[in-house]
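[1] show me the folded form of this:
(chains A and B)
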2 protein chains.
Amino acid sequence: MPKLETYSHQLSYSYAPGIFPSHALLNARPELARRLLVRSDALESEGVRALIDKCAALNVRTETADRALERISRKENCYAALVFDKFSSALDPQKNHVVLVNPSDMGNLGTILRACLGFTLPDLAIIRPAADVFDPRVVRASMGALFSMRVALYDSFEEYRAQHPGHALYPFMLDGSLPLPQARKTAKAPYALVFGNEATGLPASFASLGQPVRIPQSDAIDSLNLSVAVSIAAYAFTQEA
Amino acid sequence: MPKLETYSHQLSYSYAPGIFPSHALLNARPELARRLLVRSDALESEGVRALIDKCAALNVRTETADRALERISRKENCYAALVFDKFSSALDPQKNHVVLVNPSDMGNLGTILRACLGFTLPDLAIIRPAADVFDPRVVRASMGALFSMRVALYDSFEEYRAQHPGHALYPFMLDGSLPLPQARKTAKAPYALVFGNEATGLPASFASLGQPVRIPQSDAIDSLNLSVAVSIAAYAFTQEA
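    Predicted structure coming up:
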């Protein structure tokens, strides 16, 4: 592997910044790990030691890299990071899906990954243009959940739909006709929960593609944060009635 | 008002950065508005024009302040910001409450304000030490929801409890004995939903103060993001069964 570069979308590798996300990677997809970077003043910390041991067992090299870690973490406190190969994964056609149409905020995307995994919806479709799911900021916000999920990228919603024509679609829209608590009770599986961009939501045309759902909310707010909306939907659809 | 300073906790005023949060302030608490700052290249934008008109009607002065806006928004794109007087408000003793014990992340805090308002839980207690609810980053993440809420600060949970001894307490804990879907069905009002810090959660001692609740979630994640957990709880407690 050549000299490590500042992360960009074009690279074939990325960074899992932080001890917790690095452990998550080693537990879920150890074959992706390429190098462990550690801060020279953190070599004796317990979490870092455990990372070094796991990496040694996998024949993954450890190196001290204070400058690189500062760059990767954008000056936030970061004791260690794993360099990992990006991967692609197909969605499980039998399972329920979450579909994000043009999500733009990296923090939201990471938080969504974490919540979807927490509510046993590990199949996520992302319609481009979208925030880069491999950006270290997304990996960190996901707390490493990314490595336990199947994430598939599509250039259009139609492309996703063509691959998974049988899923019952539930587009989430502010004026959706079915309130979420009812939607949960009548949901047909396998389903796909579909969400639009942070600023614009889904185009009106999505209403005719499936059963539009709204999360009942007060007029006092314009809308919920995207990661909050997706998480509430994931919770509601996966709880026993 | 003297020369505007970079925001700090000590100031008696703060900034609502962005057009949407500024409108939210003028709609909810116009008496707090002190000055409108606009970027010189945004004077003709529709949202900014509407702000200028509303401020004129309230005798609030508008000034162009490109440099100050850049500082306030930390270089993010920001066309306008309102300078406002900080305020304090007592919680409504008859209403349900949300209590955050030592929340530390400003983005989370803003997102929580927005979700609580959206689910008609506008009474928020914050136990210090905590992120500063008046920080412009919180105001922006809240999309101005802050101005429609009652937010009370306390130095300890005991201080909150002494003021509101009658609320049924629902501390949210990873090992809470009652799953959230059931908690909703048996909830006694007025209630207080209580959440701990992002990194540590609530101390174990909270289990004996009320009915501990858990949000059912997979072992694949360590925990949910705090703003997600609070939002799901607020949703679940306020929906019809």
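
[2] please enumerate the helices of chain A.
    A:19-28, A:46-57, A:66-72, A:106-118, A:136-141, A:157-163, A:180-186, A:226-238 (DSSP state H).

[3] what residue ranges in chain A score low on pLDDT?
    Along chain A, segments meeting pLDDT under 70 span A:1-2, A:75, A:241.

[4] around chain B, which positions in chain A sit nearby?
    A:20, A:107, A:111, A:114-115, A:117-120, A:122, A:141, A:143, A:145, A:148, A:180-181, A:215-218, A:220-222, A:224-225, A:227-228, A:231-232, A:235-236, A:239-240 (Cβ under 8 Å from any Cβ of the partner chain). C-betas here are computed from N, CA, C, even on glycine.

[5] circling back: tabulate the helices of chain A (JSON lines), appending mean neighbour count.
    Output for these, formatted as JSON lines (neighbours: other Cβ atoms under 10 Å in any protein chain shown):
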{"stretch": "helix A:19-28", "mean neighbour count": "22"}
{"stretch": "helix A:46-57", "mean neighbour count": "15"}
{"stretch": "helix A:66-72", "mean neighbour count": "17"}
{"stretch": "helix A:106-118", "mean neighbour count": "27"}
{"stretch": "helix A:136-141", "mean neighbour count": "24"}
{"stretch": "helix A:157-163", "mean neighbour count": "16"}
{"stretch": "helix A:180-186", "mean neighbour count": "16"}
{"stretch": "helix A:226-238", "mean neighbour count": "25"}
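
[6] of all the ones you listed, which one is nearest A:Thr6?
    helix A:66-72 (5.7 Å; Cβ to Cβ).

[7] just checking, what packs against the closest one?
    Applying 3 or more Cβ pairs under 8 Å, 6 or more residues apart in numbering or on different chains; DSSP states H and E, one finds that helix A:66-72 contacts strand A:13-17, strand A:33-38, strand A:80-85.

[8] repeat that for 7 Å
    Helices and strands touching helix A:66-72, by 3 or more Cβ pairs under 7 Å, 6 or more residues apart in numbering or on different chains; DSSP states H and E: there are none.

[9] distance from that helix to the middle of the chain?
    Centre-to-centre, helix A:66-72 and its host chain are 23 Å apart (Cα atoms, centre = their mean, to the nearest Å).

[10] need the contact partners of it.
    With contacts defined as Cβ atoms under 7 Å, 6 or more residues apart in numbering or on different chains, helix A:66-72 is touched by A:4, A:6-7, A:15, A:17, A:37, A:39-40, A:78, A:81, A:136.

[11] gap between the residue nearest to A:Ser12 when sequence neighbours are not counted and A:Asp132?
    Spatial nearest neighbour of A:Ser12, excluding adjacent residues (Cβ to Cβ, 6 or more residues apart in numbering or on different chains): A:Lys86 at 6.0 Å. Distance, A:Lys86 to A:Asp132, by Cβ to Cβ, to the nearest Å: 10 Å.

[12] same check, this time on A:Val213
    Counting by Cβ to Cβ, the gap from A:Val213 to A:Asp132 is 28 Å.

[13] excluding chain neighbours, what is closest to the most centrally placed residue in chain A?
    Nearest to the mean C-alpha position of chain A, by Cα atoms, centre = their mean, lies A:Leu113 at 3.2 Å. In space, and not counting its chain neighbours, A:Leu113 is closest to A:Ser142: 3.9 Å by Cβ to Cβ, 6+ apart.
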